[in-house]
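S.K.: A predicted structure for the sequence below; I have some questions about it.
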Amino acid sequence: MDHKMKVKRDQAHVDSLLVANQVKGEYEAKDPKMIKYLEKVKELMKGFEGAVVLHVSQSQNKKADALRKLASVAFDHLAKDVKVETLRAPSVMEVEVSCVETPGDNWMTPFVQYLGKGILPEDKQEARRLRVRALQYEMIEGGLYRKSYMGPSLKCIGPYEAEYVIREIHEGICGMHMGAKMVATRAMRAGYY
């Protein structure tokens, strides 16, 4: 908004000591999202002849409280000389990247090669061990599944898919931030191995 109004000097007040010190350069930003916001702030500050970010303590925070309350009400009743800008999107846009699992070798490769194509390792001892362990697995429509004694077969997943499943169970929309054993149990109940 200041750039649109052609302001030469700006003084921003923030209630976060961490943010104020990161902008001043006294603290280092470590969170990737915070680093992007810090870069954006420094880029915007270059457009001013003088720009300062000041920390306002909670006891002197009346202006910030007023702004916070102002943001939660309608703006129709304000005088024309009060400039209000509503941000509809984040200042830093994140590029969304879909992770596709690469077809590289993982723990499932020997089982898929043996059960799908009949290929065994050259070492006789490893081949025997694979034949014994492969009895616990089966191929269904090109996918590897672990047989279950009392329940349905569990879909075997690679490391990238496993990381996604674990993250969703742990911190997803219905995540409960459980411990490692509980997350593994929930993943198996969901049908993954």
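M.R.: On my side now, so go ahead.
S.K.: my guess is residue 22 meets residue 35, correct?
M.R.: No. The pair residue 22 and residue 35 fails to qualify as a contact (C-beta atoms under 8 Å) at a distance of 9.3 Å. (Glycine included, C-beta is placed from N, CA and C.)
S.K.: so for those two, which residue has more residues nearby?
M.R.: Neighbours per residue, other C-beta atoms under 10 Å: of residue 22 and residue 35, the larger number sits with residue 22, 21 against 14.
S.K.: could you look up the SS state of the more buried one?
M.R.: Following DSSP: H, G, I helix; E, B strand; the rest coil, residue 22 is assigned to helix.
S.K.: and it, what is it in contact with?
M.R.: Residues counted as contacts of residue 22 (C-beta atoms under 8 Å, 6 or more residues apart in numbering) are 28-29, 34, 38.
S.K.: and if we set it to 7 Å?
M.R.: If you count contacts by C-beta atoms under 7 Å, 6 or more residues apart in numbering, residue 22 has them with 29, 38.
S.K.: let me know the pLDDT of it.
M.R.: Looking at residue 22, its pLDDT stands at 81.
S.K.: look up how far residue 51 lies from it.
M.R.: With distances defined as C-beta to C-beta, to the nearest Å, the gap from residue 22 to residue 51 amounts to 15 Å.
S.K.: can you give me the strands for the protein?
M.R.: Secondary structure of the chain by DSSP state E: the strands cover 9-14, 50-55, 137-140, 143-146, 154-155.
S.K.: find residues that contact each of residue 22 and residue 35.
M.R.: What both residue 22 and residue 35 touch, as defined by C-beta under 7 Å, 6+ apart, is the set residue 29.
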